[in-house]
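Asker: predicted coordinates and the sequence they were generated for:
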Amino acid sequence: MDAWLEPVKLDRVGREDRIALLDGSSVAVASTIEQYVVDRKVNNSRTVERAAPTVIAPVR
């Protein structure tokens, strides 16, 4: 099991280490996230095929 999933009570040093680990991975993930406007169909599943790639394609 990954260290950050272990259900144990942490001491001060353990908490600081865990926070540093989570902070590092959060920064790594956040730097890869992209955002863009998508079609309004994304909020209306009744009128579009769920697997249609145009739903999440960037709006031009």
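Answerer: Thanks, I have the structure now. Residues are numbered from 1 along each chain as shown.

Asker: who's in contact with Asp39?
Answerer: 54-55, 57, 59 (Cβ atoms under 8 Å, 6 or more residues apart in numbering). (Each C-beta comes from the backbone N, C-alpha and C, glycine too.)

Asker: just name the closest of those to Val42, please.
Answerer: Val55 (5.2 Å; Cβ to Cβ).

Asker: neighbour-wise, which one of the contacts of Asp39 leads?
Answerer: In terms of neighbours by other Cβ atoms under 10 Å, the contacts of Asp39 top out with Val55 at 17 neighbours.

Asker: do you know the pLDDT at that one?
Answerer: For Val55, the model assigns a pLDDT of 78.

Asker: just the contacts of Asp39 now: which is nearest Asp2?
Answerer: Closest approach to Asp2 among these (Cβ to Cβ): Val55, at 33.6 Å.

Asker: would you mind measuring from Val13 to Ile19?
Answerer: 11 Å (Cβ to Cβ, to the nearest Å).
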